[in-house]
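> Mind folding the following:
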Amino acid sequence: MASSNYFFLTFFLALSFASINVGLAARHLQQLPQLPPLPTLPILPPIPNLPQPTMPTLPTTQPSLPRPGTLPPLPNMPTLPTTLPSLPRPGALPPLPNMPTLPTTLPSLPRPGALPPLPNMPTLPTLPTLPRATLPPLPSMPSIPTIPTAIPSIPSLSSPPPAPSSP
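Below is the predicted model of the structure:
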């Protein structure tokens, strides 16, 4: 429903813009000065009569088609076998190969104490000590001025002072 409303609104806007342009063009044409008359064209000679070609006559009867009896007969469909071919008997198949036997015991692994000891790692040389560098202290930062948070009152805009009382 909303899309049809947008369609009608768009159509109305397009039509109104088109009519504005047409109205402005018509006003512009009415305000132009009078145009000079168009020149007259010379009279052309008449078209000569051309000879008419002779058209061949169309046949009035249709050619005869061969009769259905004169067509050669259709070839015969091959007959499908009604019995299934015989499959070999289960006894006629060769026997399946025998599966190899799997070992029932696991091979023994070496004991942890039977392994050779690991080689000793060489010791690394010690690094010489370097002198410590001392840096000068950082300069102190200047203090940042604080921004006032209270708005000062202006005497001319505040309420007038109270009138002095007379005794």
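> and N5, which of the three is it?
Of the three states, N5 takes helix under DSSP: H, G, I helix; E, B strand; the rest coil.
> give me the number of residues near it?
By the criterion of other CB atoms under 10 Å, N5 has 9 neighbours. (Glycine included, C-beta is placed from N, CA and C.)
> That one and F11, how far apart?
Separation of N5 from F11 (CB to CB, to the nearest Å): 11 Å.
> cool, and A92?
Taking CB to CB as the criterion, A92 is separated from F11 by 87 Å.
> can you pull the pLDDT of M1?
Per-residue confidence at M1 stands at 58 (pLDDT).
> ditto for L157
pLDDT at L157 comes out at 61.
> T10 is in what secondary structure piece?
T10 is part of helix 2-30 when elements are defined by DSSP states H and E.
> Any buried residues in that helix, and which?
Within helix 2-30, not a single residue qualifies as buried, counting by 16 or more other CB atoms under 10 Å.
> Now do that helix: which elements does it pack against?
The helices and strands touching helix 2-30, judged by 3 or more CB pairs under 8 Å, 6 or more residues apart in numbering; DSSP states H and E, number zero.
> so where's the protein uncertain?
Low-confidence segments of the chain (pLDDT under 70): 1-2, 113, 155-163, 165-167.
> gap between P53 and T79?
Relative to T79, P53 is positioned 64 Å away (CB to CB).
> count of residues packed around T79?
T79: 6 surrounding residues under other CB under 10 Å.
> SS state for it?
Following three-state DSSP, T79 is assigned to coil.
> roughly how far apart are it and L58?
Taking CB to CB as the measure, T79 falls 52 Å from L58.
> Could you do Q30 as well?
Q30 is 60 Å from L58, by CB to CB.
> And the spatially most central residue of the chain, how far from T10?
Nearest residue to the geometric centre of the chain (CA atoms, centre = their mean): S3, 24.7 Å. Separation of S3 from T10 (CB to CB) stands at 10 Å.
> ok, now L58?
Remark: distance between L58 and T10 (CB to CB) = 56 Å.
> For burial, what's the neighbour tally of G91?
Neighbours of G91 under the rule other CB under 10 Å: 5.
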